[in-house]
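Q: Generate coordinates for the sequence data below:
(chains A and B)
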Amino acid sequence: MGYLQGFAVTFKKLTEDRVTTEYPEQKRPKADRLHGRHVLNRYEDGMEKCIGCELCAGVCPANCIYVRGKDNPDGDPVSPGERYGFIYEINYLRCIHCDMCVEACPTEAITESKLFEFSFTNRADAIYTKNELLVDDDGMPQHLPWEDWRPGEDEMTSGWMRATASSGNAAYEGKVAWSGELGYGVRAPEIGQSQDAPPADTSDSGAH
Amino acid sequence: MGIVGDVLDEGLEGLDHNFLTGNIEELVKWARARSCWPATFGLACCAIEMMATGSGHYDMARFGMEVFRASPRQADLMIVAGRVSQKMAPVLRQVYDQMMEPKWVISMGVCASSGGMFNNYAIVQGVDQVVPVDVYAPGCPPGPETLLHAIITLHGKIESGELTKRRAATGAGAGLIVEQRDGQASPLQIGR
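A: From the prediction side, this is the model:
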């Protein structure tokens, strides 16, 4: 009669709670440091943060970023620096979402959102240019037709780990910290990952 | 002779019963999209996420896809999950050729889509050089939700008939043409 125990397990499972997340109807919450698709940020005045230094392209292990810098045009600068990135392309069929471009960026121009539900039906869609990556006038990521954004998701950003000084602040040298910056504005970096500090509250997205 | 008794002699007036007309193509496309059985073609770490998609927390059975067929003869969809080495490419093509029409391919993950970070001599730089790919799922690896998004995209394309028409017109999935520069021989030669 040993098989009755097997049936007992089966019938017990019938009454237990279901674990399935019905994906197209609902999403399960993302991990704090999930790396999604990138965004190119701006300052409050609408200037682009990218200065075209190509450090992100240099550090990319998959060679998926293509940046070219150019001198800012006289009288109508695109970025507050001397130069700006006039070509910025990320090939999402190569990007492995390692976040090293985010770590390398000296102006925090490129960060990652939490959007990971996207797929392409041709290769041309997978190459995101500045038109797709740059935040829109509200400072929020653009919603492309092949991406699955839900309300409120565009405010989430990938909290990322940083081993070097954030924005040149020497207090953060050598500490692993969060910087939850997305869209407009500059947000102060937070110590969130060191052992002696409590995790940062990333629900407050700060000054946009 | 039942309900179509005298239809040969009298045309539609020979029918004994009322009937509904419908577009059988729509029904076929609907059925194809909802019983899209994948072939097991896990090649690397993406296969772990593919298994996660099939298991309880994401439950691909909701789309009628829970049976990963080990025999390509019984599969409609090939999910290429992982990096394809040059040596694996002929095998992949053979499995694809053994699948029954109509068949679809999802290129899961950046390694299958373009070689990803393995830009070297051993890895095929994009599985669409070997088989026609219909949907690309980005990510390294794509999460189960990304794969589900790709699958839902594919279902939409199957149901709209867009893929079958594109296949018939060009014979290609995503319409990629690989041109060898400088008259080099193709790095991958199949069936020769």
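Q: Looking at the chain, which helix is longest?
A: I went with chain A, as the question did not name one. helix A:3-15 (DSSP state H).
Q: That was the other one, I meant chain B.
A: helix B:144-160.
Q: that older thread, and chain B, is the longest helix of chain A touching that?
A: No - contact check for helix A:3-15 against chain B, using C-beta under 8 Å from any C-beta of the partner chain: none in range, with a minimum separation of 10.2 Å. Backbone N, C-alpha and C define where each C-beta goes, glycine included.
Q: Show me the strands in the chain, by range?
A: Just so you know, I chose chain A. Ranges of strands in chain A, per DSSP state E, are A:38-40, A:65-71, A:83-91, A:110-112, A:127-128.
Q: wait, I meant chain B there
A: Under the criterion DSSP E, strands of chain B are mapped to B:38-39, B:77-81, B:104-108, B:135-137.
Q: now the second one against strand B:104-108, angle please.
A: On the basis of axes from the mean of the first three to the mean of the last three C-alpha atoms, to 10 degrees, strand B:77-81 is oriented at 20 degrees to strand B:104-108.
Q: Go ahead and measure how far strand B:77-81 is from the middle of the chain.
A: 7 Å (C-alpha atoms, centre = their mean, to the nearest Å).
Q: How about it, which residues are buried there?
A: Residues B:77, B:78, B:79, B:80, B:81 are the ones in strand B:77-81 that count as buried (16 or more other C-beta atoms under 10 Å in any protein chain shown).
Q: Pick out whichever of these sits closest to chain A.
A: Minimum distance to chain A across the buried residues of strand B:77-81 is 12.0 Å, recorded for residue B:79 (C-beta to the nearest C-beta).
Q: Can you report how many residues neighbour the closest residue to residue B:115 other than its chain neighbours?
A: Spatially, and ignoring its direct neighbours in sequence, residue B:115 is nearest to residue B:125 (3.9 Å; C-beta to C-beta, 6 or more residues apart in numbering or on different chains). Neighbours of residue B:125 under the rule other C-beta atoms under 10 Å in any protein chain shown: 20.
Q: Give me the pLDDT for residue B:125.
A: In the prediction, the pLDDT value recorded for residue B:125 is 89.
Q: Wait, it touches residue B:117, no?
A: No - between residue B:125 and residue B:117 no contact is recorded; they are 11.5 Å apart, counting by C-beta atoms under 8 Å.
Q: Show me what the residue positioned nearest the centre of chain B bridges to in the sheet.
A: Taking C-alpha atoms, centre = their mean as the criterion, residue B:104 is the residue nearest the geometric centre of chain B, at 1.7 Å. Beta-bridge pairing of residue B:104 under DSSP bridges involves residue B:77.
Q: how about stretch A:86-105, does it get close to chain B?
A: Yes - Stretch A:86-105 lies in contact with chain B when judged by C-beta under 8 Å from any C-beta; the contacting residues are A:91, A:92, A:93, A:94, A:95, A:96, A:97, A:98.
Q: what residues are up against residue B:81?
A: Applying C-beta atoms under 8 Å, 6 or more residues apart in numbering or on different chains to residue B:81 gives the contacts B:41, B:42, B:43, B:44, B:46, B:47, B:49, B:50, B:108, B:109, B:112, B:141.
Q: Okay, the second one and chain A: tell me how far apart.
A: The one in question is residue B:42. Distance from residue B:42 to chain A, counting by C-beta to the nearest C-beta, to the nearest Å: 18 Å.
Q: Repeat that for the last one.
A: Here residue B:141 is placed at a distance of 9 Å from chain A (C-beta to the nearest C-beta).
Q: thought that residue was touching residue B:113?
A: No - because the distance of 11.5 Å does not satisfy C-beta under 8 Å, residue B:141 is recorded as not touching residue B:113.
Q: Just send the strands of chain A back as TSV, with mean pLDDT and mean neighbour count too.
A: Putting these into TSV (pLDDT from 0 to 100; neighbours: other C-beta atoms under 10 Å in any protein chain shown) gives the following:
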stretch	mean pLDDT	mean neighbour count
strand A:38-40	89	25
strand A:65-71	90	16
strand A:83-91	91	21
strand A:110-112	84	24
strand A:127-128	91	19
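Q: want to try a markdown table for these, with distance to residue A:118 as columns?
A: Shown next, in a markdown table, are the strands of chain A (distance: least, C-beta to C-beta, whole Å):
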| stretch | distance to residue A:118 |
| --- | --- |
| strand A:38-40 | 12 |
| strand A:65-71 | 18 |
| strand A:83-91 | 13 |
| strand A:110-112 | 13 |
| strand A:127-128 | 10 |
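Q: circling back: show me how to select, in ChimeraX, the buried members of the residues of stretch A:86-105 next to chain B.
A: This is how ChimeraX selects the buried members of those, with burial counted by 16+ other C-beta under 10 Å:
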select /A:91,92,93,94,95,96,97
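Q: List the ones among the residues of stretch A:86-105 next to chain B that fall in helices.
A: Mapping those onto helices (DSSP H) picks out no residues; all lie outside.
Q: Mind picking the two most distant members of the residues of stretch A:86-105 next to chain B?
A: A:93 and A:98 (15.1 Å; C-beta to C-beta).
Q: what's across from the residue sitting nearest the centre point of chain A in the sheet?
A: The C-alpha lying nearest the average C-alpha coordinate of chain A belongs to residue A:112 (C-alpha atoms, centre = their mean; 1.0 Å). Residue A:112 has these beta-bridge partners by DSSP bridges: residue A:38.
Q: can I assume it is in contact with residue A:38?
A: Yes - look at residue A:112 against residue A:38 with C-beta under 8 Å: they come within range, at 5.4 Å.
Q: shared neighbours, the two?
A: The overlap between the contact sets of residue A:112 and residue A:38 (C-beta under 8 Å, 6+ apart) consists of residue A:102.
Q: All the helices of chain A, residue numbers only.
A: Using DSSP H, the helices assigned to chain A run over residues A:3-15, A:55-59, A:100-104, A:123-126, A:130-133.
Q: anything in the second one near chain B?
A: No - residues of helix A:55-59 contacting chain B under C-beta under 8 Å from any C-beta: none, with a closest distance of 12.5 Å.
Q: Identify each buried residue in that helix, please.
A: Along helix A:55-59, these residues count as buried under the neighbour rule (16+ other C-beta under 10 Å): A:55, A:56, A:57.
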